[in-house]
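[1] Kindly return the folded structure for what I paste below:
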Amino acid sequence: MRKRILIASVALVLGACQKGGTASAKGGKFKAPQGDTTEIVAGVDTFAVTKGMVNRALVPSLGQIAQQAQYMGGDIDLVLKDARQKVTAQILLQHLISVEVAKKHVQAPQAKVDSVFAQFRKQFPTDSAYAEFLKRNNQTEAGVKEKLAEQVKADVLLETALADSLKVTDEEVQAYFEANKAQFGVGNQVKAAHILKLTKSPADTAEAYAAILAVQKQLNAGNFAAIATKESQDPASAQKGGDLGWFDPKDMVPEFSAALDKLKPGEVSGIVRSQYGYHIIKLEERKEGHEPKMDTLKPKIVEQIQGMRKGQLAEDFMRALLKRANVTFLDGAYRSTEVFGADKSTAKEGKQPGLITKMKKK
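    Just a heads-up that it's a prediction; the model follows:
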């Protein structure tokens with residue numbers, strides 16, 4: 001998982017969070033964005049989510065929605081309904097986080113905002129593509145940076161809220177190290193090349209063996225790389241003179257590994273039979289492996305443990321925000337049971353798994 005957790009996509013933020021102030025008669029206390037006369041479907045505090053906000057946020061995903069609908073048998077209405085519900089929840093969550101940011105006076109470090117903007121800008125291969133994005137979203141670069149700063153504040157809020165829960169003890173580091181030594185250590189490495197004659201079926205075994213014998217005779221007076229390029233039937237390595245690069249012998253089939261164990265650098269093996277056919281192997285170099293050292297790996301281990309925890313902790317944090325909020329749905333079609341649980345007016349409310357997981361940008 002990346003270190004930054006974006007609460008909502010840039011497209012959603014730009015499309016949904018416009019300056020507002022117009023009240024809807026049906027929406028009562030909820031205020032829609034300025035100039036948005038579409039129906040209010042949900043609200044919290046005085047903040048309204050309108051059909052227009054949801055539809056604008058969905059525009060960048062319409063192609064993906066169509067593909068998903070096709071995969072599911074063409075029921076685009078079902079896919080759209082699910083997408084609308086999740087986007088509605090995202091917009092509500094974005095508002096609730098902005099309220100928390102304001103309450104706690106969270107600041108966005110300028111260096112971090114600049115870094116996020118640089119990454120965002122890389123999404124556009126040309127200046128014209130970037131200009132088209134700004135035009136399509138009725139935005140300026142300053143406006144984009146402002147919205148990205150809001151996202152950075154949300155990241156800072158989340159990181160601060162999770163700080164204590166993300167602390168990793170020395171005992172946890174030691175336990176993780178002991179359980180995962182294999183992934184941290186480096187085994188013995190060899191650099192080798194080979195020539196292969198394939199045996200695709202029992203019927204061609206004799207022919208392949210005769211061919212590898214002929215190759216062996218050539219090697220007595222020839223250049224291994226040149227002969228491998230001409231004769232080897234391993235297409236991946238033949239074009240490189242049979243070179244297999246550096247690898248751990250244990251990663252090869254047993255017969256191949258056993259033959260390598262008997263060779264010294266510069267030596268060429270006899271004929272080796274494996275499930276693929278007949279090989280002749282040349283060992284170029286050896287490098288001794290080494291055991292991992294926990295002291296040097298500790299920062300990496302801490303980061304890995306935190307990464308495993310962070311997703312669920314972030315989920316719990318955002319679940320709590322939504323649980324505390326008094327969200328009102330004026331249109332039940334925009335209410336996600338997965339996110340908000342069963343409607344209390346029709347059934348007992350239940351805690352659903354995967355609250356925000358599917359909504360976060362990874």
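
[2] What is whichever helix or strand Gln70 is part of packed up against?
    Counting by DSSP states H and E, the element that carries Gln70 is helix 62-71. Here helix 62-71 touches helix 76-103, going by 3 or more C-beta pairs under 8 Å, 6 or more residues apart in numbering; DSSP states H and E. For glycine as for every other residue, the C-beta is placed from the backbone atoms N, C-alpha and C.

[3] How about residues contacting the helix or strand following the helix it packs on?
    Per DSSP H and E, helix 76-103 leads on to helix 110-121 as the next helix or strand towards the C-terminus. Residues from elsewhere that reach helix 110-121 (C-beta atoms under 8 Å, 6 or more residues apart in numbering): Arg4, Val10, Tyr130, Val144, Lys145, Leu148, Ala149, Gln151, Val152, Asp155.

[4] What pairs with the strand or helix carrying His279, parallel or antiparallel?
    Using DSSP H and E, His279 sits within strand 277-287. Looking at strand 277-287 with DSSP bridges, its partner strands are strand 189-198 (antiparallel), strand 268-274 (antiparallel).

[5] Figure out the helix or strand that Glu172 lives in.
    Using DSSP H and E, Glu172 maps to helix 170-179.

[6] re earlier: can you name the next helix or strand after the strand holding His279?
    Following strand 277-287 in sequence order, the next helix or strand is helix 294-324 (DSSP H and E).

[7] and the angle for that next one with helix 76-103?
    Helix 294-324 runs at 100 degrees relative to helix 76-103, counting by axes from the mean of the first three to the mean of the last three C-alpha atoms, to 10 degrees.

[8] Which other helices and strands does helix 294-324 contact?
    Judged by 3+ C-beta pairs under 8 Å, 6+ apart, helix 294-324 is in contact with helix 76-103, helix 141-162, helix 170-179.

[9] Tell me the helix or strand right after it.
    strand 328-329.

[10] what about that following strand, average pLDDT?
    Computed over strand 328-329, the mean pLDDT rounds to 92.

[11] Then stretch 153-164?
    Stretch 153-164 carries an average pLDDT of 92.

[12] That stretch: which residues count as buried?
    In terms of neighbour count (16 or more other C-beta atoms under 10 Å), stretch 153-164 has its buried residues at Lys153, Ala154, Asp155, Val156, Leu157, Leu158, Ala161, Leu162.

[13] Same question for stretch 225-234.
    Neighbour-count burial for stretch 225-234 flags Ile227, Ala228, Thr229, Glu231, Ser232, Gln233, Asp234 (criterion: 16+ other C-beta under 10 Å).

[14] Just give me the neighbour total for the closest residue to Ile305 other than its chain neighbours.
    Nearest residue to Ile305 in three dimensions, chain neighbours excluded: Val168, at 5.0 Å (C-beta to C-beta, 6 or more residues apart in numbering). Neighbours of Val168 under the rule other C-beta atoms under 10 Å: 16.

[15] one step back: tabulate the helices and strands packed on helix 294-324 (CSV), appending distance to Ala208.
    Below are the helices and strands packed on helix 294-324 laid out as CSV (distance: least, C-beta to C-beta, whole Å):
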stretch, distance to Ala208
helix 76-103, 53
helix 141-162, 60
helix 170-179, 44
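
[16] Phe329: which of those helices is closest?
    With respect to Phe329, and counting by C-beta to C-beta, the nearest of the helices and strands packed on helix 294-324 is helix 76-103 at 8.4 Å.

[17] What angle do helix 141-162 and the closest one make with each other?
    Using the same axes, to 10 degrees, the inter-axis angle of helix 76-103 relative to helix 141-162 is 80 degrees.

[18] Show the secondary-structure elements that helix 76-103 is packed against.
    Judged by 3+ C-beta pairs under 8 Å, 6+ apart, the packing partners of helix 76-103 are helix 10-16, strand 40-44, strand 47-50, helix 51-58, helix 62-71, helix 141-162, helix 294-324, helix 337-340.

[19] and the longest one with helix 170-179, angle?
    Spelled out, that is helix 294-324. When the same axes, to 10 degrees is applied, the directions of helix 294-324 and helix 170-179 differ by 110 degrees.

[20] how about helix 294-324: buried residues?
    297-298, 301-302, 304-306, 310, 314-315, 317-319, 321-322.

[21] Grab the two from the residues you listed that are most spread out in space.
    Pairwise distances across the buried residues of helix 294-324 (C-beta to C-beta) peak at 37.9 Å, for the pair Leu297 and Leu322.

[22] tell me the average confidence for stretch 275-291?
    90.

[23] Would you mind listing where the stretch 1-150 of the chain has pLDDT under the threshold?
    Low-confidence segments of the stretch 1-150 of the chain (pLDDT under 70): 1-27.

[24] pretty sure Val190 is in contact with Trp246, am I right?
    Yes. Using C-beta atoms under 8 Å, Val190 is in contact with Trp246, at 7.1 Å.

[25] May I have stretch 178-196 as PDB, with CA atoms only?
    C-alpha atoms of stretch 178-196 as PDB (Å, rounded to 0.1, in the frame of the first residue of the first chain):
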ATOM      1  CA  GLU A 178      12.000 -14.500  12.400                       C
ATOM      2  CA  ALA A 179       8.800 -15.400  10.400                       C
ATOM      3  CA  ASN A 180      10.000 -13.900   7.200                       C
ATOM      4  CA  LYS A 181      13.800 -14.500   7.100                       C
ATOM      5  CA  ALA A 182      13.600 -16.100   3.700                       C
ATOM      6  CA  GLN A 183      12.300 -13.000   1.900                       C
ATOM      7  CA  PHE A 184      15.000 -10.800   3.400                       C
ATOM      8  CA  GLY A 185      18.000 -13.000   2.900                       C
ATOM      9  CA  VAL A 186      20.000 -13.600  -0.300                       C
ATOM     10  CA  GLY A 187      20.800 -17.200  -1.300                       C
ATOM     11  CA  ASN A 188      23.800 -18.400  -3.200                       C
ATOM     12  CA  GLN A 189      23.800 -16.900  -6.700                       C
ATOM     13  CA  VAL A 190      25.300 -18.200 -10.000                       C
ATOM     14  CA  LYS A 191      25.700 -16.800 -13.400                       C
ATOM     15  CA  ALA A 192      25.400 -19.400 -16.100                       C
ATOM     16  CA  ALA A 193      24.600 -20.200 -19.700                       C
ATOM     17  CA  HIS A 194      23.100 -23.300 -21.300                       C
ATOM     18  CA  ILE A 195      22.300 -24.900 -24.600                       C
ATOM     19  CA  LEU A 196      19.000 -26.800 -24.800                       C
END
